[in-house]
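>>> fold the following and give me the result.
(7 chains)
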Amino acid sequence: MGYDRAITIFSPDGRLFQVEYAIEAVRQGTTAIGVKSKDGVIFAVEKRRLPLQEYIGSEKLFKIDDHVGVAIAGLTADARTLVDQARVHAQVNVLSYNEKVSILETTRDLCDQMQLYTQNAGVRPFGVSLLVGGVDPDNGTKLFLTDPSGAFWGYHACAIGNGSPAAREYLSKEYNPDMSLEELKKLTINTLKEVVEGDFETDRFEIAMISTEDKLWKLLSVEENQALLDSLEE
Amino acid sequence: MGYDRAITIFSPDGRLFQVEYAIEAVRQGTTAIGVKSKDGVIFAVEKRRLPLQEYIGSEKLFKIDDHVGVAIAGLTADARTLVDQARVHAQVNVLSYNEKVSILETTRDLCDQMQLYTQNAGVRPFGVSLLVGGVDPDNGTKLFLTDPSGAFWGYHACAIGNGSPAAREYLSKEYNPDMSLEELKKLTINTLKEVVEGDFETDRFEIAMISTEDKLWKLLSVEENQALLDSLEE
Amino acid sequence: MGYDRAITIFSPDGRLFQVEYAIEAVRQGTTAIGVKSKDGVIFAVEKRRLPLQEYIGSEKLFKIDDHVGVAIAGLTADARTLVDQARVHAQVNVLSYNEKVSILETTRDLCDQMQLYTQNAGVRPFGVSLLVGGVDPDNGTKLFLTDPSGAFWGYHACAIGNGSPAAREYLSKEYNPDMSLEELKKLTINTLKEVVEGDFETDRFEIAMISTEDKLWKLLSVEENQALLDSLEE
Amino acid sequence: MGYDRAITIFSPDGRLFQVEYAIEAVRQGTTAIGVKSKDGVIFAVEKRRLPLQEYIGSEKLFKIDDHVGVAIAGLTADARTLVDQARVHAQVNVLSYNEKVSILETTRDLCDQMQLYTQNAGVRPFGVSLLVGGVDPDNGTKLFLTDPSGAFWGYHACAIGNGSPAAREYLSKEYNPDMSLEELKKLTINTLKEVVEGDFETDRFEIAMISTEDKLWKLLSVEENQALLDSLEE
Amino acid sequence: MGYDRAITIFSPDGRLFQVEYAIEAVRQGTTAIGVKSKDGVIFAVEKRRLPLQEYIGSEKLFKIDDHVGVAIAGLTADARTLVDQARVHAQVNVLSYNEKVSILETTRDLCDQMQLYTQNAGVRPFGVSLLVGGVDPDNGTKLFLTDPSGAFWGYHACAIGNGSPAAREYLSKEYNPDMSLEELKKLTINTLKEVVEGDFETDRFEIAMISTEDKLWKLLSVEENQALLDSLEE
Amino acid sequence: MGYDRAITIFSPDGRLFQVEYAIEAVRQGTTAIGVKSKDGVIFAVEKRRLPLQEYIGSEKLFKIDDHVGVAIAGLTADARTLVDQARVHAQVNVLSYNEKVSILETTRDLCDQMQLYTQNAGVRPFGVSLLVGGVDPDNGTKLFLTDPSGAFWGYHACAIGNGSPAAREYLSKEYNPDMSLEELKKLTINTLKEVVEGDFETDRFEIAMISTEDKLWKLLSVEENQALLDSLEE
Amino acid sequence: MGYDRAITIFSPDGRLFQVEYAIEAVRQGTTAIGVKSKDGVIFAVEKRRLPLQEYIGSEKLFKIDDHVGVAIAGLTADARTLVDQARVHAQVNVLSYNEKVSILETTRDLCDQMQLYTQNAGVRPFGVSLLVGGVDPDNGTKLFLTDPSGAFWGYHACAIGNGSPAAREYLSKEYNPDMSLEELKKLTINTLKEVVEGDFETDRFEIAMISTEDKLWKLLSVEENQALLDSLEE
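Numbers count the residues shown, from 1 in each chain, chains lettered A, B, ... in the order given. Here you go, the predicted model:
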């Protein structure tokens, strides 16, 4: 019963409970989805709105540099401090080596930070998972899933948060690595529709994308999102 | 039963109890309200007075810079240290970039500080929520709600503290984004009246406002408040 | 049951028990009273004397600078370290800005220190409340009540310590903001008489005052106190 | 039941148990007495001797500077570190201001140190009370009682340690502020005789004094103590 | 029951439970195998793939320098920070002494780090075991097993992770120190086949090797792995 | 029940349990004896020998400087670190003041160190008592007893360790302050014989002495010890 | 029940449980033996081998400098960090004083380190005992036993680890201080044979020696060990 009280210790069966509980915090977050093909990367997140809220930019989609961004599930404030570090890291890379940071390097740096918070006393693990994705300088597209332990994996398509089991199942049936960006967009919308409860309007989701063409993070506007919804019904 | 004793750990279901308890401290504070339209931002707070007290300026409304201020619910002393930091941050911004700090930047800086106090040992979370609002250099009006976790959201109109459920319900029925400043003032007074128990005189509330016209924080005088009350009865 | 053991944590209902217990220490201190009008500020404290004690200056009334002082209830040694800081702060203000520190600034500085001791591990809150009062450079008189949480409030007249409920009740009936200094003195003595048990002689109280005329902290002598007692009986 | 385990926390009724327990350690120490009149200050302490012990100077009476010294009750080793600091402080005063440190300043410095050990984690309170006394540069005699909380009080005559209740009672009956030094010496001896069990010989007490005449700490020799005993019987 | 809660203490029977629990974390990792002969070193690891994952380089096989690498079982994120240190150490060695770091020195450095995390408070042990292997500057091949305690042993062939008991048994029957690299490759594949459940395709394993000929770490491609599988069936 | 777990706290009855437990460690050590007269100081310690041990100098008798040394009871390793500090302190004294350190100064320095370990967290008290003795520059002989609290007392003759009650009783009957060094030697041997169980041969004790004549620490050889034993039987 | 949880505290009966538990870790280690005569020092350790292990130098025998080395029982990784320090210490001695470090100095330095880990919080004691032996610059041979408390003793012949009771008994019967090196070698082998279970082949033990002739640490080869075994049967 005491194993989960101090953050840096193992249970007798070799588990780090604090890390597992942080993962539980991720599991209860709103759903986030990432998919990619050779044409680019698409992120989509479920949005919860309360009455009288004003849209102030996404809480779940963050640009790190032009060519790389993240979709997150879990504690927003935790994610923000990680993203801030990743942004600095990306700029330092440009200043030091005169080239854009790679998606892998961005991910590894984020995960090293997260690992540190699972091994040292005086801090708790980050309660957030990130889908890190973008287009590398060599035009390769990348999508990584990180978890609070500091581990990461490469994915073609992935989902995190409370709708992730259904979303992953849907993606594994419908995803095709040869999809165009337009097809990917529709795929992500359709996946989200599977897991979002209630009416699925433009106030229930956000989409961001980076195409290999311009390598620029782009958060879709409400109009673009509506057009996307309309196109699905065609 | 031990999960809520050390401040930086997760419970098995992924919750940070200390943060939730800090939010409980906010819930027991006096009500604070913020509303905004394109003409400006209005803050109103409930005031509790004991016999023999002298008015020494508001304990719940704080100017950060001419164009930005906060209304708070929760522990006053905690709020004061956050406000002090935000004031310094605002002045540093002017000195560094020769322009007024944006409302978003002010809010993010406050929230980064609050997040830090939820992840590191040796401190407790801040027991306060803030409504941060003001007029940006581009004349846009902003209103943000922060909570002890370090998360924040944009709002057109919002309420915090012990009267917030009733206040939010009232606002969601009566608020209209096209309201003039005068209409907003009356809206906030009427909202407070819904939640303040007993006689509703000028010693039971305070109002501050920033209009897009002059972008200057203004705390209404007792006379102005009385005039406002009178105008309601007309 | 564990919530009150570590100093920097919230209970499930959003309370900081250590701060409440520190307030309890204040409640058990001897009574201290502060009153003010436009003519000045008067402090009065109950004095407990044991046989063979020698008077060595007040343990409960402290001058901070000529124009500002405090009356305290609670742990004397805790108060002394706060007063020492306030004195340094007052002198630094003169050196830095070539003007006397304001009563509000003195109070805020004391309270910032007290708040810090409620949020950081490794220390306990200060077990003392202070009535901070004086005459500002602009001749305004001020009286503030601080508590161990680091919060403060403005008052015309206030009492702290074990006799404070009765004293506050008496003050709220008898206090009048237009009172002269002489009337204030008699008011404080009469208030103390209400709460001090046993014979009320000059060895049972101390009085200090700052008038707007000379803005100088003055601790009344035994003779002056006796004259005051005599005048009451006239 | 947990309130007394961490040193820097309050109990629900506003008490600092660790400080009270340290005071208990003082209560179990051997008796120490201090008395003063305008002619000087006298300290007397009970001495416990085991077989084969050799006298190596007093364990309970310490000179701080020529004109100031202490009598202690409680943990000898704790007292020694406080006395060492007071000695340094006294010399620094001479070097800085070219005058002897005052008795009050000496006492306050000792008490600030003791207060610190009641508010910070990582240390325990000092388990010792001191009677600090001496002759000020202005020839005034002073006697202060300190306790482990860091509080202090002025006294004409005082006793600490396990015999202090009886000693204080005796002193309050027999002490007279106009006593000469010789009368004070006899008073302290007679007071000690009241509380020391068994035969009262020169190996059961020690006496130190500072007269206003020479302002020099003087520890009486065995011969002087014997002469004093003899004079009592006359 | 309390022995396993603080990381740096012994149990009454002289065990370090946290280290044993970390070893348990290793035991639950996927199987990793290392074998060597005079011709080189071969590593093989079991690979678990989830639907939609993309191959992004091995998570279990890491090159440290051209001539030395590791296969790991346990927490991937922990292994990554260790590998990062070993890489820096290897480069520092080249810069300092102008020669490649030896396999033994690499191992000892890794293990010193791991030992530190078992003796100091404020950290937990590393939850990972490493098979460190390579070709020394003198052409000798080396293979070391490390465990979370910081101990290490030399091996001709070894396995770690959840399939290690079966794998070690198979290796002890089939391994022959005179095997050629080709024979070693087949041996490792056949060993893995013994412990991997389900179909054994190229997506279930990874192989890396360092031959004495070129002393270059080489991660086999899917094609090479397929060729290897095909050759087994011949 | 919790009072003895944290090292720096008082129990309700004013005791420091950790210090008392450290004293218990001393009580279980082998017996050490110190005696002195105007001619010098003699130390004697009981020696326990296991088969195959080789004599490598005393574990219980340590020279600090030519004219001062210690006999210890309790944890040998703790004593060694204290002795190391005392040796450095003695040499620093010679370098700073060009004279031998006094026995009292040596003792006080050792005890200040020991007191520190009873008041600060993060360390435990020293589990050792020392008999510090020697000949001062003024030819005076001194013998001090220290205990883990940091207190010390002067003695003509003293014993510590498990045989100390019987040894002290014997000494109090037989010791005479006018004894010559030879008589003191015989006294210490006879005292040890009272408390050492089994045959009392030269392998059961060690003797060290400092005479006022040469002021040089001298550890007696086995031959000298045998001669001493022989002389007793004469 | 709590006494063994914090590392730096005494139990009521004056014991340091963590140190005793560390000694228990030593007791469960494989047996190590050290013997010496005027001709040199011999170390022997039991070796446990698992299938497929490769010999990579001893895990239990470590050279510190040419003329000094150790045999250890307990946690290998702990021993390694101690040995690393001792090696540095030996080289510093040569650089500082231009002479080989003495065996006693080496031992004392190791033990000071070990004592530190029993008195300070934040670390655990070292779980290892060392037999430190060698030939001093004056040709004297030395053998010391250290334990986790930081204490040490001189020995002619000694054994540690799980076979030590039987080994010590055998040694006390068979050891003779006049033995030649060849006789000592046979003695150690015969002693190990008494305590090693199963077949006693060259893969079950290791031997190291330092003769007074060349003062060089020498680890015997398998051939030398075999020759030694053969010679026993002659």
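
>>> for A:Leu143, phi and psi?
Taking degrees, to the nearest 10, you get phi -140, psi 120 for the backbone angles of A:Leu143.

>>> let me redo that: A:Ser172
phi -70, psi -20.

>>> go on, A:Arg27?
phi -60, psi -30.

>>> can you pull the buried residues of the longest helix seen in chain A?
Longest helix in chain A, counting residues (DSSP state H): helix A:76-97. Residues A:76-83, A:86-87, A:89-90, A:93 are the ones in helix A:76-97 that count as buried (16 or more other CB atoms under 10 Å in any protein chain shown). Quick note: C-beta positions are derived from backbone N, CA and C, even for glycine.

>>> so how far is B:Trp153 from A:Gln18?
28 Å (CB to CB, to the nearest Å).

>>> ok, those two, which is more surrounded?
The neighbour comparison of A:Gln18 against B:Trp153 (other CB atoms under 10 Å in any protein chain shown) goes to A:Gln18, with 23 against 19.

>>> hey, where'd the helices end up in chain A?
Using DSSP H, helices in chain A cover A:17-27, A:76-97, A:103-119, A:164-174, A:181-195, A:222-233.

>>> nearest to chain F, of those helices?
Each of the helices of chain A has some distance to chain F by CB to the nearest CB; the shortest is helix A:103-119, at 22.2 Å.

>>> neighbours around the closest residue to chain C within chain A, how many?
Closest residue of chain A to chain C, CB to the nearest CB: A:Gly122 (10.4 Å). Counted with other CB under 10 Å, residues neighbouring A:Gly122 total 13.

>>> name the nearest residue to it, ignoring sequence neighbours.
Counting by CB to CB, 6 or more residues apart in numbering or on different chains, A:Gly122 lies nearest to B:Ala121, which is 4.3 Å off, once chain neighbours are set aside.

>>> before we move on, back to that, out of the buried residues of helix A:76-97, which touch chain D?
When contact is defined as CB under 8 Å from any CB of the partner chain, the buried residues of helix A:76-97 do not meet chain D at all.

>>> flag every residue of chain A that's near chain B.
Proximity of chain A to chain B (CB under 8 Å from any CB) is limited to residues A:1-2, A:4-7, A:17-18, A:21-28, A:50-56, A:59, A:75-78, A:80-81, A:84, A:117, A:121-127.

>>> how about a cut-off of 6 Å?
A:5, A:7, A:18, A:21-22, A:24-25, A:28, A:51-54, A:56, A:76-77, A:81, A:122-124 (CB under 6 Å from any CB of the partner chain).

>>> coming back round to it: just want the angle from the longest helix of chain A to helix B:103-119.
110 degrees (axes from the mean of the first three to the mean of the last three CA atoms, to 10 degrees).

>>> turn the helices of chain A into JSON lines, columns for mean pLDDT.
JSON lines is the format used below for the helices of chain A (pLDDT from 0 to 100):
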{"stretch": "helix A:17-27", "mean pLDDT": "94"}
{"stretch": "helix A:76-97", "mean pLDDT": "96"}
{"stretch": "helix A:103-119", "mean pLDDT": "96"}
{"stretch": "helix A:164-174", "mean pLDDT": "97"}
{"stretch": "helix A:181-195", "mean pLDDT": "96"}
{"stretch": "helix A:222-233", "mean pLDDT": "92"}
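
>>> possible to save those helices as CSV with distance to D:Leu181?
Converted to CSV, the helices of chain A look like this (distance: least, CB to CB, whole Å):
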stretch, distance to D:Leu181
helix A:17-27, 70
helix A:76-97, 71
helix A:103-119, 69
helix A:164-174, 89
helix A:181-195, 93
helix A:222-233, 95
